[in-house]
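**Q** Quick one: sequence and predicted model below, then my questions.
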Amino acid sequence: LAGWLLIMEFSTIWLNGFSFFRNRLGYDSLMVKAFFLLFALSFFFCRLFGTTYIACYFTWVAFQEPLTFRGVARWHLALLVPFLLAAVVLQFFWAYGIGKKVLKVAAAGAANAEGESGGPTGGAVKKKDKPA
């Protein structure tokens, strides 16, 4: 359990790189996009799938007979289960926001390829010509 909970922090490395460089290099930087892509991939695999798996597995094992965790009161294990399940819900909530951002970055990339991007935020803002 503790090992999986530490493995989920692997995505934090890429999030820190993304957060550090996006304000220095801008969203159009290849390095920023690479850090974001690595963050998103590691988030979905390590946090979303890993946390869901370990929470389900721990819940199943915690209530097996004979007790797998000898020397630990069953009510302690039962107390951990709702918190693990809450962590899974939190990961899915964050995944929704990250998924929206991935789609936004992908859409901004398509707009950049067509020459319609309006700066580091990826919005398609064009300056109006002044009338003569």
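**A** On my side now, so go ahead. This is a predicted model, so every value here is computed, not measured.

**Q** wait, residue 80 sits on residue 62?
**A** Yes: counting by Cβ atoms under 8 Å, residue 80 touches residue 62, with 7.3 Å between them. For the C-beta atoms, the positions are set from N, CA and C on the backbone; glycine is no exception.

**Q** So these two - more neighbours on which side?
**A** With neighbours defined as other Cβ atoms under 10 Å, residue 80 and residue 62 compare such that residue 62 has more, 19 against 16.

**Q** I'd like to know how far the residue most central in space within the chain sits from residue 35.
**A** In the chain, the centroid-proximal residue (Cα atoms, centre = their mean) is residue 43; its distance is 3.9 Å. Separation of residue 43 from residue 35 (Cβ to Cβ, to the nearest Å): 12 Å.

**Q** what's the burial count for residue 14?
**A** Applying other Cβ under 10 Å, we find 19 residues neighbouring residue 14.

**Q** can you pull out the helices in the protein?
**A** 2-7, 10-25, 30-42, 50-62, 74-114 (DSSP state H).

**Q** mean confidence for the shortest one?
**A** Taken as a whole, helix 2-7 has an average pLDDT of 77.

**Q** Remind me what it packs against, helices and strands.
**A** helix 50-62 (3 or more Cβ pairs under 8 Å, 6 or more residues apart in numbering; DSSP states H and E).

**Q** Tell me the helices and strands packed up against the helix it packs on.
**A** Using 3+ Cβ pairs under 8 Å, 6+ apart: helix 50-62 touches helix 2-7, helix 74-114.

**Q** Thanks again, I'm all set now.
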